[in-house]
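K.L.:
Sharing a model prediction with you, sequence too.
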Amino acid sequence: MADIQTYSHDAGWKNTVLRGLLYLVLILFAAYYLFPLIVMIATSLKSLDEIREGSLISLPRVVTFDAWNYAWNEACVGVECTGIKIYFWNSVKMAIPAVLISTFLGAINGYALTKWRFKGANIVFALLLFGCFIPFQVVLLPMSQVLGKLGLASSTPGLVLVHVVYGLCFTTLFFRNYYVSIPDELVKAATIDGAGFFTIFWRIILPISTPIIVVSVIWQFTQIWNDFLFGASFASGANAPMTVALNNIVNTTTGVKQYNVDMAAALLTGLPTLLVYVLAGKYFVRGLTAGSVKG
Amino acid sequence: MGASQSTESNLMASIQRHLSKIVVAPSFAASLFFVYGFILWTGYMAFSKSRMLPVWDWAGLRQYERLWQMERWHVAIENLLIFGGLFIVTCLFIGCLLAVLLDQRIRAEGALRTIFLYPMALSFIVTGTVWKWLLNPGLGLESMMHDLGWTSFKFDWLVNSDMAIYTVVIAAVWQASGFVMAMFLAALRGVDQDIIRAAYMDGASLPRIYFGIIIPSIRPVFLSAIVVLAHLAVKSFDLVIALTGGGPGYSSDLPATFMYTMAFQRNQLGVGAASAMMMLATVMAIIVPYLYSELRGGKKNG
């Protein structure tokens, strides 16, 4: 930290002006980041007539939740006009098992790779880690064939499998890096007392893992909820996740373009991850930096 | 009886010893099959005659030749260079600027940080949807400027095939720049205060402290940020689909959308596989040297 107040050789009034300027720039940037969200909310609360007459930034004269209701219950995804709600539940049914399974596997992998190191553990970890970085286009074609052979094509269990397999490297990375910093003596002492592999995991390691479990769950949830590529490739029609349905609603070319419904559907799709971010922002940032910067 | 009991306990002990391997084995096997196996599979498919259906007949480099003869692929590559370059440079600039500004003992720093970073929590599809609405020439920013009295204002990039790729840059920067800010801010907080104080005592001005001491000392973060952003750029798919759909025509195609179109819409499995391998090669060219230096650096330090 090197700030103007502490590290300035100039006179006081000059610093005051500078700080004023500083706040101005920061507020302008805040406006830039908030602008799309505000427009999205305002548009979703307007009637279609008001959108056509009014301006982008004007607040709704008459607040109406019709667009939200329509998006949730009636909007057409392809030829099915069931609203986005069934796709919301598709995403929930996909995200919850995928998040739990991948986080659990990541935890036990991280534990095994750090506290019960076997010959070649580092190589195994490096090979696992590689999966974090591949562009998923390179697995799409074989995956769609394998899912077809397994009878999981266009299904939610199929998507769960895909998200677990390609989320493993991230969760293993999180837990491995967390457990590396936990002293080995803890495990050694427990083994002398006669505790085995799983006893130590359940009784000693898991109870002190809460922060990294939160990081892993939030990271995986955001990734899986926001995924579009796998959803669009492997689950068309009634089993599509919410992002795919949203894109369908927005890009439907038939009928009148209902911008307010588009915005309401977009907000509904964004709400779960936004909520997670607002409630647990600290852990979200930790996941981002841990997931993106090195092993 | 006694003998069988002792072999049983031997077995238990040896299982206990190997439990670690047994536990990791399923994940490792999944990775071998779903990552390495699939890469080989796609790699082979790129050498096959596959079009509508996957076939195993060897075609040599034929699919790669067809790929590189396609005008559309060249457009996608060129777009990736434009998009990737502008995206990385703008995100670094905004991210670094915001981090430095926030590092001035700002009141409400937490609130501002939350605002700068929230787009990163959204799906690219949501981002694409809202920017598509903001940038649409009829009712979006253009008409807003007209209402405000600037009647000659024209902003039709979304439907202009020469400019559509730049709208993707605008939306992508909005989404990812806050994340770069967070990376830089964490690094700034880690800079040694004693060095800064010493430089100040020597009479160095604040800009000199920043450009001479602080920025050079967080150089590794620049490298990390560039690698992360480049990686994001190559993988960019959702945003293009939601914002421009690759259009008008295929003017805003990126390799990721090109591959998807060939594989799932155009019945060109072989070309799709070949383009996926080109994407993999690009990512590897960025990631492998980086990971290598990171891991080696890690060993040196500890």
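P.N.:
Received it, and whenever you're ready, just let me know what you need.
K.L.:
which residues in chain B form strands?
P.N.:
With DSSP state E, there are no strands along chain B.
K.L.:
Chain B - how does it break down into domains?
P.N.:
Following automatic domain parsing, one finds the domains of chain B at B:1-37, B:63-301.
K.L.:
Please work out which of those domains is packed deepest.
P.N.:
Among these, ranked by average contacts under mean count of other C-beta atoms under 10 Å in any protein chain shown, first place goes to domain B:63-301 (a mean of 19). Bear in mind the C-beta positions are built from the backbone N, C-alpha and C, glycine included.
K.L.:
Number of residues surrounding the closest residue to chain B within the stretch 1-150 of chain A?
P.N.:
Per C-beta to the nearest C-beta, residue A:116 is where the stretch 1-150 of chain A lies closest to chain B, at 3.5 Å. By other C-beta atoms under 10 Å in any protein chain shown, 21 other residues sit near residue A:116.
K.L.:
Tell me the pLDDT of it.
P.N.:
On the pLDDT scale, residue A:116 is placed at 87.
K.L.:
Find the nearest non-adjacent residue to it, please.
P.N.:
residue B:20 (3.5 Å; C-beta to C-beta, 6 or more residues apart in numbering or on different chains).
K.L.:
Flag the shaky bits of the stretch 51-200 of chain A, pLDDT-wise.
P.N.:
Of all residues in the stretch 51-200 of chain A, none has pLDDT under 70.
K.L.:
And the helices in it, which stretches?
P.N.:
For the stretch 51-200 of chain A, helices defined by DSSP state H, counting those that start in this stretch occupy the ranges A:66-73, A:85-115, A:121-130, A:137-149, A:156-180, A:185-192, A:197-200.
K.L.:
Pick the most deeply packed of those helices.
P.N.:
Mean neighbour count, computed with mean count of other C-beta under 10 Å, is highest for helix A:156-180 among these, reaching a mean of 24.
K.L.:
Show me how chain A divides into domains.
P.N.:
If you go by automatic domain parsing, chain A breaks into A:12-64, A:85-292.
K.L.:
For those, give me JSON lines that also has distance to residue B:283.
P.N.:
Formatted as JSON lines, those follow (distance: least, C-beta to C-beta, whole Å):
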{"stretch": "domain A:12-64", "distance to residue B:283": "29"}
{"stretch": "domain A:85-292", "distance to residue B:283": "5"}
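K.L.:
Looking at the ones you listed, which is nearest to residue B:186?
P.N.:
domain A:85-292 (6.7 Å; C-beta to C-beta).
K.L.:
just how off-centre is the closest one within its chain?
P.N.:
Centre-to-centre, domain A:85-292 and its host chain are 9 Å apart (C-alpha atoms, centre = their mean, to the nearest Å).
K.L.:
The spatially most central residue of chain A and chain B: what is the separation?
P.N.:
Geometric centre of chain A, nearest residue: residue A:222, 1.1 Å, by C-alpha atoms, centre = their mean. Per C-beta to the nearest C-beta, to the nearest Å, residue A:222 is found 6 Å from chain B.
K.L.:
sec struct for that residue, please.
P.N.:
Secondary structure, DSSP: H, G, I helix; E, B strand; the rest coil: residue A:222 is helix.
K.L.:
give the contact list for the closest residue to it other than its chain neighbours.
P.N.:
Leaving out its chain neighbours, the residue that sits closest to residue A:222 by C-beta to C-beta, 6+ apart is residue A:273, at 5.1 Å. Neighbour list for residue A:273: A:221-222, A:225-226, B:121-123 [criterion: C-beta atoms under 8 Å, 6 or more residues apart in numbering or on different chains].
K.L.:
which among these gets closest to residue B:27?
P.N.:
Using C-beta to C-beta, residue A:221 is the member of those that sits closest to residue B:27, with 19.7 Å.
K.L.:
Which residue is the nearest non-sequential neighbour of the closest one?
P.N.:
Closest to residue A:221 by C-beta to C-beta, 6+ apart is residue A:99, at 5.1 Å.
K.L.:
hang on, isn't the one you found packed against residue A:220?
P.N.:
Yes - using C-beta atoms under 8 Å, residue A:99 is in contact with residue A:220, at 4.5 Å.
K.L.:
looking at it, the residue nearest to residue A:116 is touching residue A:119, isn't it?
P.N.:
No - under the criterion of C-beta under 8 Å, residue B:20 is not in contact with residue A:119, lying 10.7 Å apart.
K.L.:
residues contacting residue 71?
P.N.:
All of this refers to chain A. A:83-84, A:249, A:261, A:264-265, A:268.
K.L.:
please go with chain B instead
P.N.:
Applying C-beta under 8 Å, 6+ apart, no residues qualify as near residue B:71.
K.L.:
and the gap between it and residue B:78?
P.N.:
According to C-beta to C-beta, to the nearest Å, residue B:71 and residue B:78 sit 11 Å apart.
K.L.:
repeat for residue A:241
P.N.:
From residue A:241 to residue B:78 the distance is 32 Å (C-beta to C-beta).
K.L.:
What helices and strands are in contact with the top helix by length along chain A?
P.N.:
Secondary structure of chain A per DSSP state H: the longest helix is helix A:12-44. Judged by 3 or more C-beta pairs under 8 Å, 6 or more residues apart in numbering or on different chains; DSSP states H and E, helix A:12-44 is in contact with helix A:259-279, helix B:71-102, helix B:109-117, helix B:124-135, helix B:164-189.
K.L.:
now the angle between helix B:164-189 and the fourth one, please.
P.N.:
Spelled out, it's helix B:124-135. Orientation of helix B:124-135 against helix B:164-189 (axes from the mean of the first three to the mean of the last three C-alpha atoms, to 10 degrees) gives an angle of 120 degrees.
K.L.:
How about the shortest one?
P.N.:
Angle of helix B:109-117 versus helix B:164-189, following the same axes, to 10 degrees, is 150 degrees.
K.L.:
ditto for the longest one
P.N.:
Direction vectors for helix B:71-102 and helix B:164-189, defined by the same axes, to 10 degrees, enclose an angle of 30 degrees.
K.L.:
same deal with the first one?
P.N.:
Computed by the same axes, to 10 degrees, the angle separating helix A:259-279 from helix B:164-189 equals 20 degrees.
K.L.:
Could you point out the helix or strand that follows helix A:259-279?
P.N.:
Using DSSP states H and E, the helix or strand that follows helix A:259-279 in sequence is helix A:281-292.
K.L.:
Mind giving me the packing neighbours of that following helix?
P.N.:
Helices and strands touching helix A:281-292, by 3+ C-beta pairs under 8 Å, 6+ apart, are helix A:156-180, helix A:210-226, helix B:109-117, helix B:164-189.
K.L.:
now for the last one, which elements pack on it?
P.N.:
Translated: helix B:164-189. Contacts defined by 3+ C-beta pairs under 8 Å, 6+ apart place helix B:164-189 against helix A:12-44, helix A:281-292, helix B:71-102, helix B:109-117, helix B:124-135, helix B:219-235, helix B:238-243.
K.L.:
average pLDDT for that helix?
P.N.:
90.
K.L.:
Now do the contacts for residue 169.
P.N.:
Defaulting to chain A. A:128-132, B:31 are the contacts of residue A:169 under C-beta under 8 Å, 6+ apart.
K.L.:
try again with chain B
P.N.:
B:82-83, B:86-87, B:90.
K.L.:
quick check, nearest of those residues to residue A:208?
P.N.:
Looking across these and measuring by C-beta to C-beta, the closest to residue A:208 is residue B:87, at 39.7 Å.
K.L.:
That closest one against residue B:172, yeah?
P.N.:
Yes - Residue B:87 lies in contact with residue B:172 (C-beta under 8 Å); the separation is 5.2 Å.
K.L.:
Touching both of these two, which residues are there?
P.N.:
B:232-233.
K.L.:
Now do the contacts for the residue nearest to residue A:214 when sequence neighbours are not counted.
P.N.:
Residue nearest to residue A:214 in three dimensions, not counting chain neighbours: residue A:283, with 4.7 Å by C-beta to C-beta, 6+ apart. Residue A:283 is in contact with A:211, A:214-215, A:218, counting by C-beta under 8 Å, 6+ apart.
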